[in-house]
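Novice: kindly generate the corresponding structure for this input.
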Amino acid sequence: MSLDRADVAKIAHLARLAVDGDEADAVARDLSRILDLVAQMSVVNTGGVPPMAHPLDMPQRLRPDVVTEPDRRDDLQATAPATEAGLYLVPRVIE
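Specialist: From the prediction side, this is the model:
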């Protein structure tokens, strides 16, 4: 697929990018190459390939779910200007 300066201008506008006239040709050439690569990859038959999240078939190691720090909420809230029922009270910002 070949892109021209007008296509690059539209894409740049949608992406809110500033692309000046000098680099528009280079951007068009690079984007055209990327789209050609995507077209080549879409031709490959992947019907028998199962989808996967990671190329290695390994379970993720998880740490034990245990409490590692003491509950210091009361100590930390002691310096707050206003708290109620364990929550920080702040001034209303939306009417």
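Novice: please count neighbours and contacts with C-alpha atoms only from this point.
Specialist: Fine.
Novice: mind listing the helices for this structure?
Specialist: Per DSSP state H, the chain carries helices over the ranges 5-14, 21-43, 73-77.
Novice: for the first one, the averaged confidence score.
Specialist: So the one you mean is helix 5-14. Helix 5-14 shows a mean pLDDT of 92.
Novice: torsion angles phi and psi at the spatially most distant residue from the centre of the chain?
Specialist: Going by Cα atoms, centre = their mean, the residue of the chain most distant from its centre is A78, 37.6 Å out. Backbone torsions of A78, given as degrees, to the nearest 10, read phi -60, psi -30.
Novice: ok, now E69?
Specialist: Per-residue torsions, E69: phi -130, psi 150 (degrees, to the nearest 10).
Novice: neighbours around M58, how many?
Specialist: Per other Cα atoms under 10 Å, the neighbour tally for M58 reads 7.
Novice: again with the one 10 residues further on
Specialist: Neighbour count for T68, taken as other Cα under 10 Å: 6.
Novice: alpha carbons of stretch 71-84, as PDB, please.
Specialist: Output of stretch 71-84 as PDB, limited to C-alpha atoms (Å, rounded to 0.1, in the frame of the first residue of the first chain):
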ATOM      1  CA  ASP A  71      -1.400  -1.900  59.800                       C
ATOM      2  CA  ARG A  72      -0.200   1.600  60.400                       C
ATOM      3  CA  ARG A  73      -3.400   3.500  59.300                       C
ATOM      4  CA  ASP A  74      -4.100   5.100  62.700                       C
ATOM      5  CA  ASP A  75      -0.500   6.300  62.900                       C
ATOM      6  CA  LEU A  76      -0.500   7.800  59.400                       C
ATOM      7  CA  GLN A  77      -3.900   9.400  59.800                       C
ATOM      8  CA  ALA A  78      -2.900  11.000  63.100                       C
ATOM      9  CA  THR A  79      -1.200  13.800  61.100                       C
ATOM     10  CA  ALA A  80      -4.100  14.300  58.700                       C
ATOM     11  CA  PRO A  81      -6.200  17.500  59.100                       C
ATOM     12  CA  ALA A  82      -9.500  15.500  59.100                       C
ATOM     13  CA  THR A  83     -10.500  11.900  59.000                       C
ATOM     14  CA  GLU A  84     -13.700   9.900  59.700                       C
END
